[in-house]
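>>> after the sequence you'll find the predicted model.
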Amino acid sequence: MKITILTLFPEFFDSFQATSIIKRALDRQLVEFETVDFRQYTLDKHNHVDDTPCGGGQGMLLSCQPIVDCIKAVKTEGSLVVMMSPQGKTFTQKVAHEFANVNHLILLCGHYEGFDERIRDYVDMEISLGDFVLTGGEGAAMVISDAVIRLLNGVILEESHADDSFENGLLEYPQYTRPVEYDGKRVPDVLLSGHHANIRKWRLKQSLIRTMEKRPDLLENRVFTKEEEKLMQEIKAERALEKEK
Ligand SMILES: C[S@@+](CC[C@H](N)C(=O)[O-])C[C@H]1O[C@@H](n2cnc3c(N)ncnc32)[C@H](O)[C@@H]1O
């Protein structure tokens, strides 16, 4: 897979490419990652890529010509051009999986007051990190690249992300490491028992409890397995009992 970032600030991605798991993935050529400064495509004699908004208003808008020419130059057969935009569809783990299956992902980063509206006709979709406004799309593109790269074959062990939050529609269960006791707080006995079936069941139950408590919206349309239904009944019965106390 190849990821191309279209940005005015390629240096933003220097430490991203030089650090930890992403660096290892790049070194092992599990993903190709490049940044392209779209200023190099401007035909403006002063090298400008932005201008004031028609009709007046604050700030500067990115102009069509440099960005559209840049998109046309970097696009490849089957590539997906994604505009970073607070007005886009919200990025989720499901979208990360969809992007991880694309051969060539192109992430377009805005800046200043954003884009001339007509640029939207040259992208395949808009993606938002959430309902807030960033100074530029670089932070969003970095987050998206990170979430996508860690899903690629060989970057981390498949088992390492299989139980991650959202992967099976639930939040991850509580995790512990040594020491067994810290400040009077003990690791649950079941995790020390070595009984794999019991550990798996405990983790599933904890995932359900966590999701109920922190993100009940994730359970709204869930089709529960028989085992999950049984555990949900168990959880509800335990809670009812606790209330009675
Ligand atoms: C200051 S913002 C422009 C916001 C624009 N005036 C609006 O209200 O929709 C500059 C750039 O940051 C990026 N950006 C800002 N918030 C974002 C978000 N929540 N998700 C993804 N990208 C975002 C976009 O690329 C955007 O063009």
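It's in. Here the structure is a predicted model, which means the values were calculated and not measured. Numbering: from 1, shown residues only.
>>> run a quick neighbour tally on Ser193.
11 (other CB atoms under 10 Å). Bear in mind the C-beta positions are built from the backbone N, C-alpha and C, glycine included.
>>> surely it meets Trp202?
No: in this structure, Ser193 is not within contact of Trp202 by CB atoms under 8 Å, at 9.4 Å.
>>> Lys89 should be in a helix, yeah?
No: Lys89: not assigned to a helix; according to DSSP: H, G, I helix; E, B strand; the rest coil it is strand.
>>> who does it bridge with?
Beta-bridge partners recorded for Lys89 (DSSP bridges): Ile127.
>>> and the gap between it and His111?
Distance check for Lys89 against His111: by CB to CB, to the nearest Å, it reads 21 Å.
>>> cool, Gln17 as well?
Counting by CB to CB - Gln17 and His111 are separated by 20 Å.
>>> these two: who's more crowded?
His111 (21 against 16).
>>> what's the burial count for Cys64?
For Cys64, using other CB under 10 Å, the count is 16.
>>> mind listing what it touches?
116, 118-119 (CB atoms under 8 Å, 6 or more residues apart in numbering).
>>> could you look up the SS state of the residue in the chain that the ligand sits nearest to?
In the chain, the residue that lies nearest the ligand is Gly110 (2.2 Å; CB to the nearest ligand atom). With three-state DSSP as the basis, Gly110 sits in coil.
>>> contact partners for it?
Counting by CB under 8 Å, 6+ apart, Gly110 has contacts 62, 83-85, 136-137.
>>> before we move on, what about Leu107?
3-6, 82, 84, 137, 140-141, 144-145.
>>> contact residues of the protein facing the ligand?
Contact residues, the chain versus the ligand (CB under 6 Å from any ligand atom): 84-87, 109-111, 113-115, 128-130, 132-137, 140.
>>> start and end of stretch 56-76, how far apart?
37 Å (CA to CA, to the nearest Å).
>>> ah, wrong one, I meant stretch 2-20
19 Å.
>>> domains in the chain, by residue range?
2-158, 181-244 (automatic domain parsing).
>>> now the end-to-end length of the first one.
Taking CA to CA as the measure, domain 2-158 stretches 20 Å from start to finish.
>>> repeat that for the last one.
The distance separating the two terminal residues of domain 181-244, taken as CA to CA, comes to 31 Å.
>>> after the helix or strand bottoming out on mean pLDDT in the chain, next one along is what?
Sorting the helices and strands of the chain by mean pLDDT, DSSP states H and E puts helix 158-162 at the bottom, at a mean of 81. Using DSSP states H and E, the helix or strand that directly follows helix 158-162 along the chain is strand 181-182.
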